[in-house]
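Peer 1: okay, predicted coordinates and the sequence, questions at the end:
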Amino acid sequence: MNAHLGVFQVMDFTEITQTGSYILKAGPVSSQPFRIDPDTWRETILKALNFFRVERCGAEVPGVHGICHRDWTVIHRDKRIVINGGWHDAGDLTQGLGNTAEAVYGMFSLAERLRSRDEDTMLYNMLMEEGLWGLDWLLKTRFGDGYRNEGAISSRWTNGIIGDYDDLTSKARNSPLANFTACASEAIACRVLRDRDPRLAAYSLKIAEEDWRFAVGALTGDSREPGSLWTGAFDSDNVEHDVASVGILASVDLWRVTGKQEYADKAAGMAGIILESQANERPDWDVPVYGFFYTGPEKDHILHYCHRGRSQGPILALVQLCDAFPGHPDWMKWYSAVAMYADYLKTIAEYTSPYGVFPASVYKNDEYISVPESRRESFRLQVLQGIHLGKGYYLRLFPVWMDYRGHFGTILPQAQALANAARLRGDPAAATLAQHQLEWIIGRNPFSQSTMWGVGYDYTPLYAPFPGDIAGALPVGIQTRGERDVPYWPVQNTWTYKEVWSHPTSRWIWLMRDLAGPALVEGKAIGTVVFRETSTGRSYTVESDPETRQFSAWLPEGTYRLHGSEGDLTRSFLPTGRYYLDLGKDLDYGVSGSTTPKGDVTIRLEATGTGNHRFELRNDNLTITGSPKEIALAPGKTGILEWHGRVISKRSPWFAVIVPDGDLAARKEATGSVWNE
C-alpha cells in the first residue's frame, strides 16, 4: 500500500477468528507465538493492576519496600494531614491527585461493567480492591473546606518520624479542577459500593457532594479567601476547557446516584464551553482539518497536550450527557460535536497508516512566541517538521515537546475519546482504530517491541530507579529525535520517555472499560438465530429457549447479518457492548443522505418489516421539515421515507439521527457536507 509514511506490504488475517495460539512463518523466519482470543487484553489488565499494587505508598510491598512515608504531610493553615497511601506516581516516589483519581475512576468503571454483565468475578474483585486503596487516599487527603492535597514530588525514602530533618511536606490548594476530579471518582465509588459496602458508599457520596460544591464555589468565587488567586491545577494551562469537561463528568455521576436536578442543570450548562471551543467550521487551508478543540470559546489557542493528556475529557463529558439526558434539547448538539471530533481523529490517523497511531495535534507556526525564550527555536523547528496544512498550520505526528518526551499520555486519551464516540455512533471501525493505539504500545510499532514490561516480546527495562521493573508498567512513551517528527526509541534507559509513570497505565485500565471483551447480545427469537459477520463471513449459531424465546450470545465486535425464523436484521456490535433484540418486533432499516452544492439535503430511509412504525429525525446544522414520519410496512416489501432540508452553515458538516419507534438505542446516523458533494 502507498501511504503518507511510505510504501508498505500489509498482511490481513481478519478471516482467522478461531481462538488459539498462532505462529506466522515466512520461509525460514517465524514469529513468536501470539493469541487470538476474545479475552486477549485480559493479561494486560492483570499486569497493570500488578503495577499499581507494587506502586502502593504507605503499605508494605514484599520485595520492594516496607510501610513508607509516614512523615509525609500536607499543610493547610495550622492543620496537617499524613498523606502516605495511594500510589507512587512514577519511577520516583511522587504522588498526585490527578493520576490517583483517574486511576480510581478507571478501575471502578471497568469493575462496574464486569458486574453489569456478570463476567470475570476474579478480575472484578481485584479491580475493586485496588480502586478502594486509591479511594481511601482521596478521602483522607482533604481538609473539608475545599482545600486538599493535589500532589507532591519526592525522590527519597524517609524514616517515618514526624518532626525531624527528612520530613516531606506539601501545601494544600483549593481548585475546581482538583475537587471536580476527586468528586467524579467518589461519585462512581458510591455506585459500585452500594451493595458491597453501603456505609462507605454513603460516605463517598457525602464527600462527593461536598467536593462538587467546593468546585462550583471556586469557579464563582464564593469559596475563595480574600485576596487569594486560583491559577489552575496539575500541569496544564487548559484550565477552562479541562474544568468544564471533568465538571460535567462529576455532575452527571452525581445526578446518576442522587437524581438531583441541580447536577443535571450544571452539567448541561457547562457543555456550552466545550461546544463553543470546537473548531466546527472547515478552514480555508490547503488541507482543511477541523473538529479539534481550542482551549476555550475565544478560540485563541489550539488545545495541545504533551506528556500527560486529557483530550478524552470533552468527549467523555458529551457522551455522558447524551447517555444521561436523551430528551434534552441540546442532545443533538452534543452528539454532533462528538461525531465531528471522532471524524477528525479518523482523518488525521490516515497520515500514520498502516499503523493508525494518532497524530498529536494541529499547531500554528507562531506559537513558539509564547514559550520560554530558551526553548523558542526548538519549538518553532518542531512545528515546521509537521505536515503543512496551509496558512501557517501544521499537523504534528508527535507532540511538540521540551523536557517531557513520550506520547503514550496523549494517544491513550485520544483512544479513549474515540472508543466512547464509537459506542455513541455504533461505529465498529472507530472502535478498531482506538484499539490500534493499544496495539502500537504493545508491539505494532516500527520497533516491533512491546513497551509494557512483562507483556509480549522484546520489552526493554524501564526507568524505575525506586520500584525496579514491574510487570504491567508502561513508560511515558515513544519519542522523537531532536526536532524531527518521526518515532525514536533508543536503547538508553533514562527519563522521561522510558520512565515509568502511572498515567499511561491508569489510562490503559480505563480504556479496557470500552475495548476489552466481546459484545453481549441478548434478546427474543423463535428457534435458531444465525449471526453472520459481514467482513469475515464467520457464522455463530444460537438456540433460543423453547419456552421463553430468550437467547444470549457473546460475539466479537463487528457488523452482523442476523437470520431467524421471524426475519432478518443487520446490526453492528461493539466490544464490551450490551444489546437487546426482539426478532419478532425489530425492524431493519438503513439511512443515507445527500447534499447538493447549494446546500439542499435529502435524507432517505429504507425499511423492511411489518406493522406501523414512527421515525423521529434529530438534526444539527439543518433546517428540516416533516419530522416525525410514520410508515406501514408489509412482509417482503421495502418502505421508503424521505426528509428534505437545507444546510444552515455551509462551512460546517450536518448530522442527523433517526430514532425508530422512540427507541434511541436503535438510532442510525446520516451526515454530509456541501464540500464533500
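Peer 2: Received it, and whenever you're ready, just let me know what you need.
Peer 1: quickly find the element holding Ile631.
Peer 2: strand 629-633 (DSSP states H and E).
Peer 1: with only the CA atoms kept, save that strand in CSV.
Peer 2: The C-alpha coordinates for strand 629-633 follow below in CSV (Å, rounded to 0.1, in the frame of the first residue of the first chain):
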residue,chain,number,x,y,z
LYS,A,629,-42.9,10.5,9.9
GLU,A,630,-44.8,7.2,10.0
ILE,A,631,-44.8,4.2,7.7
ALA,A,632,-46.8,1.0,7.4
LEU,A,633,-44.6,-2.0,6.5
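Peer 1: now do the contacts for the residue lying farthest from the centre of the chain.
Peer 2: Distance from the centre of the chain peaks at Asp164, with 44.0 Å (C-alpha atoms, centre = their mean). Applying C-beta atoms under 8 Å, 6 or more residues apart in numbering to Asp164 gives the contacts Asp71. All C-beta atoms are positioned from the backbone trio N, CA, C, and that covers glycine.
Peer 1: ditto for Val246
Peer 2: Shown in contact with Val246 (C-beta under 8 Å, 6+ apart): Leu177, Phe180, Thr181, Ala184, Arg310, Gly313, Ala317.
Peer 1: doesn't it lie inside a strand?
Peer 2: No - Val246 sits outside any strand when classified using DSSP: H, G, I helix; E, B strand; the rest coil, being helix.
Peer 1: and it, how far from His503?
Peer 2: Per C-beta to C-beta, to the nearest Å, Val246 is found 15 Å from His503.
Peer 1: same thing with Ile348?
Peer 2: Distance from Ile348 to His503, counting by C-beta to C-beta: 22 Å.
Peer 1: and Tyr355, by the same measure?
Peer 2: 22 Å.
Peer 1: just to revisit the earlier point, who has more neighbours out of Ile348 and His503?
Peer 2: It is His503, of Ile348 and His503, that has more neighbours when counted by other C-beta atoms under 10 Å, with 24 against 21.
Peer 1: helix or strand for that one, which one?
Peer 2: Using DSSP H and E, His503 falls in helix 502-515.
Peer 1: so which elements touch that helix?
Peer 2: Applying 3 or more C-beta pairs under 8 Å, 6 or more residues apart in numbering; DSSP states H and E, we find helix 502-515 packed against helix 42-54, helix 97-116, helix 408-425, helix 428-442.
Peer 1: how about that helix as PDB, C-alpha atoms only?
Peer 2: C-alpha atoms of helix 502-515 as PDB (Å, rounded to 0.1, in the frame of the first residue of the first chain):
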ATOM      1  CA  SER A 502       1.200   5.900  36.400                       C
ATOM      2  CA  HIS A 503      -1.000   7.900  34.000                       C
ATOM      3  CA  PRO A 504      -0.400   5.700  30.900                       C
ATOM      4  CA  THR A 505      -1.200   2.600  33.000                       C
ATOM      5  CA  SER A 506      -4.300   4.100  34.500                       C
ATOM      6  CA  ARG A 507      -5.500   5.200  31.100                       C
ATOM      7  CA  TRP A 508      -4.900   1.600  29.900                       C
ATOM      8  CA  ILE A 509      -7.200   0.200  32.600                       C
ATOM      9  CA  TRP A 510      -9.800   2.900  32.000                       C
ATOM     10  CA  LEU A 511      -9.800   2.100  28.200                       C
ATOM     11  CA  MET A 512     -10.400  -1.500  28.900                       C
ATOM     12  CA  ARG A 513     -13.900  -0.500  30.000                       C
ATOM     13  CA  ASP A 514     -14.800   0.100  26.400                       C
ATOM     14  CA  LEU A 515     -12.400  -2.200  24.500                       C
END
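Peer 1: and Ser353, how far from Ser535?
Peer 2: Using C-beta to C-beta, Ser353 is found at 18 Å from Ser535.
Peer 1: what do you get for Tyr589?
Peer 2: Taking C-beta to C-beta, one finds Tyr589 at 21 Å from Ser535.
Peer 1: higher neighbour count, those two?
Peer 2: Between Tyr589 and Ser535, counting by other C-beta under 10 Å, Tyr589 is the more crowded of the two (23 against 12).
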